[in-house]
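1. Sequence and predicted structure are below.
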Amino acid sequence: YSPVAGARELRQAVADLYNARYRKGMASQYSYENVAISSGGRSGLARVAASLGPVHLGHYLPDYTAYEELFDAFKGFVPMPILLEESDGFRVTADQLRHEIVSRGLGAVLLSNPHNPTGQVLYGPELERYVGIGRQYRCALIFDEFYSHYLYDEVAQAHTSVSAARYVEDVNTDTVIIVDGLTKNWRYPGLRISWTLGPKEIIQRIASAGSFLDGGAAHPIQKAVIPMLDPAFADGQALSIQSAFSVKRDHMTRAIDAMGLGLPHRPKAGFYCFVSLKNLRPGLEDGIEFFEAALGHKVITVPGKFFDVNPGQRRRHLPSRLSQFARLSYGPNMHELERGMSRLKELLKT
């Protein structure tokens with residue numbers, strides 16, 4: 001068996017990668033003790049959830065659909081939704097974080113950054129302010145950074161990859177927890193390797209949770225993936241992704257504009273477009289109806305209401321704000337993407 005926290009060599013390789021990318025010249029550096037290895041992203045997030053105490057946990061609407069299952073599975077904290085507004089492109093801001101922490105007594109906040117499904121991203125001075133507010137109010141910030149290589153336009157010009165680790169002052173006192181892995185940024189989902197970075201004390205709790213949740217990642221795979229964490233190799237992966245996916249992003253956004261779909265925010269990261277269906281004819285303006293109609297043309301879309309994370313269905317008496325949205329992915333190769341967008345164009349013509 002491998003240690004539940006992961007093989008020491010891999011843990012140190014992860015720490016070295018983050019130090020090289022984000023912490024050059026800083027006194028506080030990550031070590032293997034700041035890293036836990038898990039068998040995939042959901043496993044890593046489950047460990048974090050199991051390690052939280054009885055706090056109010058802020059989460060954004062919209063956000064990653066699997067968070068709802070995570071919140072339902074663990075009852076030690078109270079999920080508190082934070083609304084992102086269409087009029088602002090579903091943007092996360094530091095000022096909003098401050099307001100939510102103070103007004104609702106949040107002890108922790110979970111967010112995907114880059115953001116799934118909207119393609120928004122916190123970076124640069126705004127991310128620095130966001131981390132600083134968490135530090136000021138002693139609110140734990142949990143960053144799901146699984147799309148941190150998928151950056152475009154001015155974001156890619158500023159950074160090869162994005163991470164809250166850049167703005168942590170002390171790796172053992174700032175309660176910034178980062179979850180990432182090989183699934184998206186390295187495009188190796190079958191290897192089932194993820195990691196969590198954070199203060200040593202929190203990593204110890206996360207490793208303890210892993211002992212009864214999943215038992216740890218496979219030892220031979222941990223050994224095999226260590227070369228992938230070499231900073232030069234990792235940065236090469238990021239640049240290759242940005243080169244290929246920016247072209248596909250541009251193709252999809254042009255097609256969306258030509259079809260008359262709404263796009264509240266041109267994605268600056270990730271590989272999704274979160275489109276508005278409000279201007280479509282009856283029968284297509286609802287995300288579920290649009291999904292069923294697109295399926296008839298052999299295209300898969302994801303209804304927007306699935307990102308209206310609603311643990312315990314506590315807001316079941318309210319109609320979803322996101323029912324007239326859909327997520328489209330430009331993850332497939334260009335040939336498949338062109339076929340898919342052409343078929344959606346045919347659907348909207350009928």
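-> Good, I have the coordinates.
2. Using just helix, strand and coil, how would you label residue 82?
-> Assigned with DSSP: H, G, I helix; E, B strand; the rest coil, residue 82 falls in the strand class.
3. actually residue 69, not the one I wrote
-> helix.
4. residue ranges for the helices of the stretch 151-300 of the chain, please.
-> 153-158, 200-213, 219-225, 231-259, 287-296 (DSSP state H, counting those that start in this stretch).
5. Just send these back as JSON lines, with mean neighbour count too.
-> Where C-beta positions appear, they are placed from N, C-alpha and C, glycine not excepted. Shown next, in JSON lines, are the helices of the stretch 151-300 of the chain (neighbours: other CB atoms under 10 Å):
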{"stretch": "helix 153-158", "mean neighbour count": "14"}
{"stretch": "helix 200-213", "mean neighbour count": "18"}
{"stretch": "helix 219-225", "mean neighbour count": "16"}
{"stretch": "helix 231-259", "mean neighbour count": "16"}
{"stretch": "helix 287-296", "mean neighbour count": "17"}
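6. can you list those in JSON lines and add mean pLDDT and distance to residue 121?
-> Below are the helices of the stretch 151-300 of the chain laid out as JSON lines (pLDDT from 0 to 100; distance: least, CB to CB, whole Å):
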{"stretch": "helix 153-158", "mean pLDDT": "98", "distance to residue 121": "6"}
{"stretch": "helix 200-213", "mean pLDDT": "94", "distance to residue 121": "24"}
{"stretch": "helix 219-225", "mean pLDDT": "96", "distance to residue 121": "26"}
{"stretch": "helix 231-259", "mean pLDDT": "97", "distance to residue 121": "13"}
{"stretch": "helix 287-296", "mean pLDDT": "98", "distance to residue 121": "23"}
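7. Looking at the ones you listed, spot the one closest to residue 57.
-> helix 200-213 (14.6 Å; CB to CB).
8. chain center to the closest one: distance?
-> 21 Å (CA atoms, centre = their mean, to the nearest Å).
9. cool, and stretch 224-238?
-> On CA atoms, centre = their mean, the centre of stretch 224-238 falls 20 Å from that of its chain.
10. Quote the end-to-end distance of that stretch.
-> Counting by CA to CA, to the nearest Å, you get 20 Å between the two ends of stretch 224-238.
11. Where does the prediction get shaky in the stretch 1-150 of the chain?
-> For the stretch 1-150 of the chain, no stretch is flagged by pLDDT under 70.
12. Show me the helices in it, by range?
-> Using DSSP H, counting those that start in this stretch, helices in the stretch 1-150 of the chain cover 8-22, 41-51, 66-73, 94-104, 124-136.
13. a markdown table for these, including distance to residue 303 and mean neighbour count?
-> Below are those laid out as a markdown table (distance: least, CB to CB, whole Å; neighbours: other CB atoms under 10 Å):
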| stretch | distance to residue 303 | mean neighbour count |
| --- | --- | --- |
| helix 8-22 | 35 | 20 |
| helix 41-51 | 21 | 23 |
| helix 66-73 | 14 | 17 |
| helix 94-104 | 26 | 16 |
| helix 124-136 | 29 | 18 |
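14. could I get the ones you listed as TSV with distance to residue 224?
-> Output for the helices of the stretch 1-150 of the chain, formatted as TSV (distance: least, CB to CB, whole Å):
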stretch	distance to residue 224
helix 8-22	10
helix 41-51	18
helix 66-73	26
helix 94-104	39
helix 124-136	32
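15. returning to that earlier point: now for the helices of the stretch 151-300 of the chain, which one comes closest to residue 43?
-> With CB to CB, the closest approach to residue 43 among those belongs to helix 200-213: 7.1 Å.
16. between that closest one and helix 41-51, how many degrees?
-> Calculated by axes from the mean of the first three to the mean of the last three CA atoms, to 10 degrees, helix 200-213 forms an angle of 110 degrees with helix 41-51.
17. Tell me which other helices or strands helix 200-213 touches.
-> strand 35-38, helix 41-51, strand 194-197 (3 or more CB pairs under 8 Å, 6 or more residues apart in numbering; DSSP states H and E).
18. In terms of secondary structure, what does the first one contact?
-> Packing partners of strand 35-38 (3+ CB pairs under 8 Å, 6+ apart): helix 8-22, helix 41-51, strand 194-197, helix 200-213.
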